[in-house]
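**Q** Sequence first, then the predicted structure, then my questions.
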There are 2 protein chains.
Amino acid sequence: MAPIDFGTDPSRYRHLRLEIDGEIARIVIEADEGGGIAPGYELKLNSYDLGVDIELHDAIQRLRFSHPQVRAVVLTSGLDKVFCAGANIRMLAQAGHAQKVNFCKFTNETRNAIEEAGTDSGQAYLAAVNGNAAGGGYELALACDEIIMIDDGSAAVSLPEVPLLAVLPGTGGLTRLVDKRKVRKDLADVVATRSEGVRAKTALAWGLVDAIAPPSKFGQAVLDRAQAAAARSRRAPGGPGIELISLDRQVSEEGLRYPNVTAAFDRGTGLVTITAHGPTEEAPGSMAGAREQGAGFWPLAVTRELDDLILWLRSNETELGTWLIKTSGDAAKALGYERLLAGAAGQDWLADEIRHFAKRTLRRLDVTSRSLFALIEPGSCFAGPLAELAFACDRQFMLNGPWDDDLAPEAGQAAAQPAALTLSAANFGAFPMSNGLSRLASRFPGDPGHVAKLEQLAGRPIEAEEALDLGLVTFAPDDLDWDDEIRIACEERASLSPDALTGMEANLRFAGPETPQTKIFGRLTAWQNWVFTRPNASGPEGALRRYGTGQAGVFDRNRA
Amino acid sequence: MAPIDFGTDPSRYRHLRLEIDGEIARIVIEADEGGGIAPGYELKLNSYDLGVDIELHDAIQRLRFSHPQVRAVVLTSGLDKVFCAGANIRMLAQAGHAQKVNFCKFTNETRNAIEEAGTDSGQAYLAAVNGNAAGGGYELALACDEIIMIDDGSAAVSLPEVPLLAVLPGTGGLTRLVDKRKVRKDLADVVATRSEGVRAKTALAWGLVDAIAPPSKFGQAVLDRAQAAAARSRRAPGGPGIELISLDRQVSEEGLRYPNVTAAFDRGTGLVTITAHGPTEEAPGSMAGAREQGAGFWPLAVTRELDDLILWLRSNETELGTWLIKTSGDAAKALGYERLLAGAAGQDWLADEIRHFAKRTLRRLDVTSRSLFALIEPGSCFAGPLAELAFACDRQFMLNGPWDDDLAPEAGQAAAQPAALTLSAANFGAFPMSNGLSRLASRFPGDPGHVAKLEQLAGRPIEAEEALDLGLVTFAPDDLDWDDEIRIACEERASLSPDALTGMEANLRFAGPETPQTKIFGRLTAWQNWVFTRPNASGPEGALRRYGTGQAGVFDRNRA
C-alpha cells in the first residue's frame, strides 16, 4: 500500500472548496464519492475518510498562515439537505484497529485545531448545518464556536454511533456535549442513543445548537453571525499571508530527510532517530525580515517538517515504537529566533501563528503513542522551544561532559563542548500542554517553587550534572557508558508490549488538571479504543461490521 | 458457580488479622495460600484475589463503624520479607474479561476507601512495607496516607505489570504516582518498566515512599508515625462503635430482598427493578437514639443494603444491563433522618460515618457499568439523600400527576398523591461525586445560577411539570403513557451494545473537573480495559497468559 501523505494544497482538493471573501472564509465540503483514499467504499452523503480530513486539516492550516485577513470561517456543505454523515462506515468497518485509532487521533487533532483557531487566533468557526449532521458530522459542528442549524422540518443532528454501530461518538462528541456545550447528561444520553437524532427546535432547546433558521433565512442568519464573529475578532495585524509551499520530503528505506529535520530508521530494534536541526543563520532583525523568508523562515520550516514527520511516522511506520529525539546546532542562534517571535507576540499575527503552530505540534507529540526518549548530546541545541521537545519525551538522557575525542560520533567545534540545556521564557507557558500547564509545571506538579526557581535560570546553559540535580533529565551517563546505556534502554523498550506502553504513557504524560482536550484523548479515546476491540462492534457479528448488510449486530449481553 | 458474596466478618477472615490497640489498629495480611475464592491458583507471597479484597474491604468498613476510637491504621504483612505481591497472576490469567474488569473496579473502590478514611474520618492509613511490594502490592501502599519502607538491602517496591504481564498497574498505580505522589513522569516511566523495582534509598529519593528504616528500627519508625498520625486526627467523638451485623439478604430466582431494599429481575429484557424503601418510623430525637438502634438505624441499614446489592448485581448478574431505580415511602420521614444526621455533622462520628458511607455508595453507583433509569412515581420518596439516587441515574422519568385509579399498581394513600421530588441541603454538597461536584452541579455545569435557584427550593415537594421545567427530570409522561414509555425505553436500551453503553455512560456521567479518583476510573481504567482485550496480553501467546510458563509473551509490534 502506498504510504499516507498528509501534504496537500487547495489545487489538489477533491472534497472541499476553500472560498475567501474579505474577512470571511467558507470551507464547503462536497466529498467526491469515488475519491476515497482507499478502495472499497464510496463517500456518500458527505461522509469522510482520512483523505477528506487531510484536506480539512490543510485548509484550516492555510487559513491561519496564508489568509491573515480572515476573521471568521463558515464550515458548511455543498450538498442539499446534507451537512455531513460523519466517518464513512464501510471504511471504518474494513479498517484494522491501528488504522481506526490513528484515523480518530488525527481527526480529533484537526477538530481541536478548529477550536484553537478561534481561541488562539481570532478565526472563529461557524458550522452552517444546512441538512442532516450525523455522527462525526455533528461532531465536526460541535468543534466549531457556533452552530447554526437549518429548521426545515427534516434536518436533524444525531450521534447514531451507539445505536447503529455499537461504537462511541469518539471524535470528541460525548465530551463536547457535556463539557463544552454543558448539555445535561440525561439529555446527552438521549441524543447519543436516538439514531434518528434531534430536529432543530428541540436541538436548540437542549443546547445542541446555538441558533436555528428556516431555509429562507438560513443563509442570511449564517452571514450575520459570521460578520458578528469577525467584528469581535482581535487578530493581530502584520502584512500579507505566507504561502505554505510543499515540503521537501525525501523518503527512502533508511528514513526521511527534510531540510531541517531528519529521521533515521533502525527496523531491527524498532527505532527511529529524529534530529531537528537548528538554524544556520542568525534570526532576522524584525518580523518584516521573517516575512521575506516566507515558509523558509526557520521556526516555521522546522515546525512544519516536524509536524509532517510525526504524522508520517504515526501512520506509515507503526512498528517503529521508540523515537529517539535529538537536536543539532547552535543554541544561541535558535534562541535568537525565539526572542524575535516572543517580542512580537500579540502584535504580529505571523509571530503568533508560528508559536501556536509549535504548540499544536508539541501537543501532537504528547499524544503520540510511541515511546519518546530525548538524547541530549554535545552539539545539540535543546534551548527554549527545542527544549520542549525534550520535556515532551518520556525520558531524557543527557551526556555528562564532552565527547572523548575517540568516541565523538562526528567532528566539529560544537561537539567538543559539553552538552547543555538552555531554558527560556518559552518553557514557562508559551507552549502549554493540552492540560493547560507548561511541560515543566506538569513535570513538577507538586512543586511550583521549583518551577519558579528554574525560571530564574533562563538563558544560562545547564550542563548534565546540574540538569540531573534540577530534575530536568532522567539519567546523565558519561561518554564511556552512553552508548551502552542508550542501547540497553532501547532494547528494553523494544521488548515490551506496545499496547501496555501506549496505555502507560497516556497515563503518565498528563499529570495535573484535565481539560476537554485531555478528556478527549484520555477518557473518551481510551474507551473508544476498548469499544473498537470488542466483538459486539468489530467481531464477525458485530454491529460495525454488519452495518449496511441488512443484518443487525448480535451482542453478548454481559456487561463488563 | 456459586455467586460472589461480599459479606464477611472478622471471625471468618482467612487472609487478614485485624488487631486493635487503643487509637491504633493493624491490618495484617497473611494470605492463606490454599484459600483462593476460585480454584486454580495459590495465593503465594501475599498475592490477592477477590476473596482477600473482600476481607480488606470489610476490615476498612468495620474500622470506621465499630472502632471509632481508632485514629491510625497500620497496613502490613504477616510474612517475612514480603509485603504483598499484588493481584494473583494466575487468577487474572484465567479470568474472563468481565471478571477482570469487575475485580479491578472493586479493588479500586476499596483503595479509594482507604484514602477517604483518612481525609473524611481521621483514620489515616500507614503502609508498613516490611518486604517486597510488587504491582498491586505497591499500589495498595500508594493508597495509604504514608508509606514506610524497610531498608534491608533487598526489599523493593515495583510495578512490574508492563514488563512482565503486558498490562497496566491499573489499580490506581500510574495515576497515584504522578497525581497523588507527584513523582516526575520520567521517573514514573522508569519505575513502571523496571520489573525488579526500586530499593529503599532510591525509592525515598524518587518520592515513591515517605520514609525508610533499617530492620532494627522499622517497627519503632512505623509506631512513631502511627502515633503522630493518631495525634493529628480530628475524629469526632460520640460513644461506642456499632456492630455491623450480617445483612438479611434473601436471594431467589426472582430477585433479592433485604428489609429496606428489594430487587426484582426481568431476565427477558435484562432489567432489574431496585426499590429503596423509606423509613416506617420517625427519626429518633438524637444521635443517642440512633446509636441505640445500631445497624438497624434506617439510614445505615438502607445504605448497607444498597451497597451490598450493587456489588452483588455487578458481579453476579452481568446480563441485567438496565437498573430501574425506585423509592417507596414517606419523604417527610426520610428527610427527618437526614436532618438528624446533618445536624450532628462534625460533632458525632456516627452521623459523619453514615453520610460518608452514603457518599461512597452513591459513587459506587456512579461508576457502575449499567444503564441507570430513575422512575419517580406516586408513593415514592425521592427526597434529599434518596434524590441523589435519581440524579446518579442516566435518565429520570417522572410520572406527571397521580395514578388514575384504574392504573395504580398498588392501592394506598401515598400512591394517590402526585409524584414529587424534594430537594434538601443533602443535594448541594453533602454527597459529592468523585469529581468533587454535587450531582446537581455536575448536571448543570454551565449554570451555577440555576443550582443556586434550586437550592432555594429545598424542602418543598416539586411535582413533575415543575421538575421538568427545572431540568431535574428527563421526561414526565402522564399515567396513560407511563407504562409504554418506560417499556420502550427499556427495550431500546436492551437492544444496544453493552460495551458501547458502558463507554458512553462513563463519559457522560462526569462532566466537569477530573480528580485522581475520576482519572483512575476514567482514563486509567479505560486504558486498562483496552489493554486487557489485546492479544499481546490476553491472547494465547500474550504475556499475561504465558506468565509463569517459562515462555515469554509474543508481541505484535505495531503501535495502535
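**A** Looks like it came in fine.
**Q** what sits against A:Arg90?
**A** A:Gly40, A:Tyr41, A:Glu42, A:Tyr547, A:Gly548 (CB atoms under 8 Å, 6 or more residues apart in numbering or on different chains). Heads up, the C-betas are built off the backbone N, CA and C, glycines and all.
**Q** Quick one: buried ones out of those residues?
**A** Buried subset of those (neighbour count, 16 or more other CB atoms under 10 Å in any protein chain shown): A:Tyr41, A:Tyr547.
**Q** Write out the residues of the stretch 251-400 of chain A neighbouring chain B.
**A** Contacts of the stretch 251-400 of chain A with chain B, taken as CB under 8 Å from any CB of the partner chain, map to A:Gly270, A:Thr318, A:Glu319, A:Gly321, A:Ser369, A:Arg370, A:Cys393, A:Asp394, A:Arg395, A:Gln396.
**Q** Helix, strand or coil: sort out the third one for me.
**A** Meaning A:Glu319. Here A:Glu319 is recorded as coil under DSSP: H, G, I helix; E, B strand; the rest coil.
**Q** now the residue lying closest to it once chain neighbours are set aside: how far from A:Ala526?
**A** Nearest non-adjacent residue to A:Glu319, counting by CB to CB, 6 or more residues apart in numbering or on different chains: B:Arg557, 4.8 Å away. Per CB to CB, to the nearest Å, B:Arg557 is found 21 Å from A:Ala526.
**Q** the more surrounded of those two?
**A** Using other CB atoms under 10 Å in any protein chain shown, the more surrounded residue of B:Arg557 and A:Ala526 is A:Ala526, with 27 against 13.
**Q** by contact count, what packs against the helix or strand harbouring that one?
**A** A:Ala526 belongs to helix A:525-533 when assigned by DSSP states H and E. Applying 3 or more CB pairs under 8 Å, 6 or more residues apart in numbering or on different chains; DSSP states H and E, we find helix A:525-533 packed against helix A:97-121, helix B:498-508, helix B:525-533.
**Q** run the last query once more with 10 Å
**A** helix A:97-121, helix A:173-175, helix A:498-508, helix A:535-538, helix B:498-508, helix B:525-533 (3 or more CB pairs under 10 Å, 6 or more residues apart in numbering or on different chains; DSSP states H and E).
**Q** Tell me which of the ones you listed sits most buried.
**A** helix A:173-175 (a mean of 30; mean count of other CB atoms under 10 Å in any protein chain shown).
**Q** how distant is that one from the center of its chain?
**A** Relative to its chain's centre, helix A:173-175 lies at 18 Å (CA atoms, centre = their mean, to the nearest Å).
**Q** and if you look at stretch A:327-347?
**A** 23 Å.
**Q** Check which residues of it are buried.
**A** Here stretch A:327-347 shows A:327-331, A:333-338, A:340-342, A:344 as buried, counting by 16+ other CB under 10 Å.
**Q** among those, which are in helices?
**A** Secondary structure assignment by DSSP state H places A:Ala331, A:Lys333, A:Ala334, A:Leu335, A:Gly336, A:Tyr337, A:Glu338, A:Leu340, A:Leu341, A:Ala342 of the buried residues of stretch A:327-347 in helices.
**Q** Present these as a markdown table; the columns should include pLDDT.
**A** Below are those laid out as a markdown table (pLDDT from 0 to 100):
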| residue | pLDDT |
| --- | --- |
| A:Ala331 | 97 |
| A:Lys333 | 97 |
| A:Ala334 | 98 |
| A:Leu335 | 98 |
| A:Gly336 | 98 |
| A:Tyr337 | 98 |
| A:Glu338 | 97 |
| A:Leu340 | 98 |
| A:Leu341 | 98 |
| A:Ala342 | 97 |
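**Q** And the pLDDT at the residue in the stretch 201-350 of chain A that chain B sits nearest to?
**A** At 4.4 Å from chain B, A:Thr318 is the closest residue in the stretch 201-350 of chain A, using CB to the nearest CB. A:Thr318 carries a pLDDT value of 95.
**Q** List the residues that contact it.
**A** If you count contacts by CB atoms under 10 Å, 6 or more residues apart in numbering or on different chains, A:Thr318 has them with A:96, A:98-99, A:101-102, A:270, A:369-370, A:498, B:556-560.
**Q** Would you check those residues and say which has the weakest pLDDT?
**A** Scoring these by pLDDT puts B:Ala560 last, at 82.
**Q** wait, doesn't that one sit right on A:Asn529?
**A** Yes. At 7.1 Å, B:Ala560 counts as touching A:Asn529 under the criterion of CB atoms under 10 Å.
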